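# return a 3D structure for these sequence lines:
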Amino acid sequence: MGLFARRRNSASPRQPGAELTEELRAQLSPDFEAVGEALAAGTSSVNACWVVGRTQAELGSSLGESLEGLRATTQLVVARDPLFDESHALSLAWSESVLGYLHGLSCADPLTGLSTHAHIRERIAELYRNAVADAIGANSVSRSHALVITDAGEVLLDPVSTARRMTLLGQAARTVFSGSETIGQVGHKVVVVTPRNDALPERVSLLRRMVVRQAERVWIEGLPGTDASAVSLLDELARA
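Residues are numbered from 1 along each chain as shown. Below is the predicted model:
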């Protein structure tokens, strides 16, 4: 079933600054009403398109259906096709929402192949559980393991370009840490969960030299004494 169940009539489009009449509102899909209101008022509809894109993805609508719904709305309200910024905002929001859903289903990011934030959390939680089970105490994790963080630096608006940068940084990390280490993505950072040993500083130095042109910073982050604190640390890394 299409996004617009009602048949459009031949009513004239609204002039900028006007409000949607009840007759015109009745012809709009409820999902696109906010876009229609912005168009009728003559204000930017980009933010409304962004919200609609995420909502449509969460409802299971395809990108094609969502773009057709946007086109039907702009044609009905202002008698034109969507502008580039409107279509771009909707498409980008739809894509990010779908990718977020896929990340939740998979242990690996579908674009970069890196372990997801959730998978890194689980790997670290496993370290703490094993330490408790072995009766050596959770505090031992901070002595036995660490995180190596590669910060991609400035955030790119284009998700494809961002994914490409993260993929290259991930490949460099895999070259240096080629054993059983968990290598994943947290926000715009590549995170390696690695054992602490004498070779770690030398490996980090090598990684730093390899990514000097692509990354803003590479450093060793110690793990805290509890699993809960480690979760907070990862969340902070994702936000920073």
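# please count neighbours and contacts with C-alpha atoms only from this point.
Will do.
# break this protein into its domains for me.
22-105, 117-239 (automatic domain parsing).
# including mean pLDDT and mean neighbour count, could those domains go into JSON lines?
What follows is the domains of the chain, written out as JSON lines (pLDDT from 0 to 100; neighbours: other CA atoms under 10 Å):
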{"stretch": "domain 22-105", "mean pLDDT": "89", "mean neighbour count": "18"}
{"stretch": "domain 117-239", "mean pLDDT": "89", "mean neighbour count": "17"}
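# identify the residues contacting the longest helix that the chain contains?
In terms of residue count, the longest helix belonging to the chain (DSSP state H) is helix 84-105. Residues outside helix 84-105 that contact it (CA atoms under 8 Å, 6 or more residues apart in numbering): 45-47, 49-58, 63, 66-67, 70, 109-110, 116, 118.
# alpha carbons of it, as CSV, please.
The C-alpha trace of helix 84-105 is given here as CSV (Å, rounded to 0.1, in the frame of the first residue of the first chain):
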residue,chain,number,x,y,z
PHE,A,84,17.9,18.5,-3.2
ASP,A,85,18.3,19.5,0.5
GLU,A,86,14.9,18.0,1.3
SER,A,87,15.6,14.7,-0.5
HIS,A,88,19.1,14.5,0.9
ALA,A,89,18.0,15.1,4.5
LEU,A,90,15.3,12.4,4.2
SER,A,91,17.6,9.9,2.5
LEU,A,92,20.4,10.4,4.9
ALA,A,93,18.2,10.0,8.0
TRP,A,94,16.6,6.9,6.5
SER,A,95,20.0,5.4,5.8
GLU,A,96,21.4,6.1,9.2
SER,A,97,18.3,4.6,10.9
VAL,A,98,18.5,1.4,8.8
LEU,A,99,22.3,1.1,9.5
GLY,A,100,21.7,1.6,13.2
TYR,A,101,19.2,-1.3,13.1
LEU,A,102,21.6,-3.5,11.2
HIS,A,103,24.4,-2.7,13.7
GLY,A,104,22.1,-4.0,16.4
LEU,A,105,21.6,-7.3,14.6
